[in-house]
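> Here is a sequence with its predicted model. Questions after.
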Amino acid sequence: MRDELRSIGDACRAALNEYTVRAFSLLPPIDGMRILDAGCGSGEPALALARMSAARICAIDPDAASCAAMGRKVARDGFANRMTVMNVDFASPEIQKNPFDVVWAEGLFNIIGFEAGLARAGELLKPGGYLVIHDEI
């Protein structure tokens with residue numbers, strides 16, 4: 001049942017990828033771009049980002065089942081050489097500070113709070129980096 005629900009969720013999320021593509025198109029080209037997909041779930045936005053760029057992507061989520069599903073998709077789609085999936089929380093000290101050109105947060109800040117989310121994103125972004133938020137609020 002959980003896989004069936006995840007499949008439905010993935011289909012719904014993939015239908016929103018036009019907004020992911022549009023937001024990404026507004027970013028300037030960055031050589032060697034590094035993206036953190038914070039709260040990746042089962043990974044539809046991160047996979048869309050990988051399809052349209054050569055960026056190195058670190059996708060994180062505290063849900064182990066979502067990360068496992070994401071890892072299978074990364075392998076299936078041939079992105080294992082430039083995508084990492086980590087089963088960690090956004091606040092985890094395992095996430096290296098200041099290495100990301102872009103922090104991508106779709107639906108996360110509504111859950112953790114904008115104040116906490118903005119503060120943490122600021123720690124993880126390189127100077128001059130970009131924060132992309134797609135949320136209900």
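Received the coordinates, thanks.
> Who's the closest spatial neighbour of Phe90, skipping the chain neighbours?
Nearest non-adjacent residue to Phe90, counting by CB to CB, 6 or more residues apart in numbering: Ala38, 5.0 Å away. Every residue, glycine included, has its C-beta placed from N, CA and C.
> Quick check on the residue lying closest to Asp89 once chain neighbours are set aside: phi, psi?
Distance criterion CB to CB, 6+ apart; nearest residue to Asp89, sequence neighbours excluded, is Pro62 at 4.6 Å. Here is the backbone geometry of Pro62 (degrees, to the nearest 10): phi -80, psi -10.
> Give me the pLDDT for Pro62.
The per-residue pLDDT reported for Pro62 equals 95.
> That one: what's it in contact with?
Contacts for Pro62 (CB atoms under 8 Å, 6 or more residues apart in numbering) come out as 87-90.
> if I look at it, how far off is Phe114?
From Pro62 over to Phe114 the distance is 18 Å, taken as CB to CB, to the nearest Å.
> before we move on, back to that, gap between the residue nearest to Phe90 and Phe100?
9 Å.
> quick one: low-confidence parts of this structure?
1-12, 14-15, 136-137 (pLDDT under 70).
> quick one, longest strand in it?
strand 125-134 (DSSP state E).
> Which elements pack onto it?
Strand 125-134 is packed against helix 17-25, strand 100-106, helix 114-124, with contacts defined by 3 or more CB pairs under 8 Å, 6 or more residues apart in numbering; DSSP states H and E.
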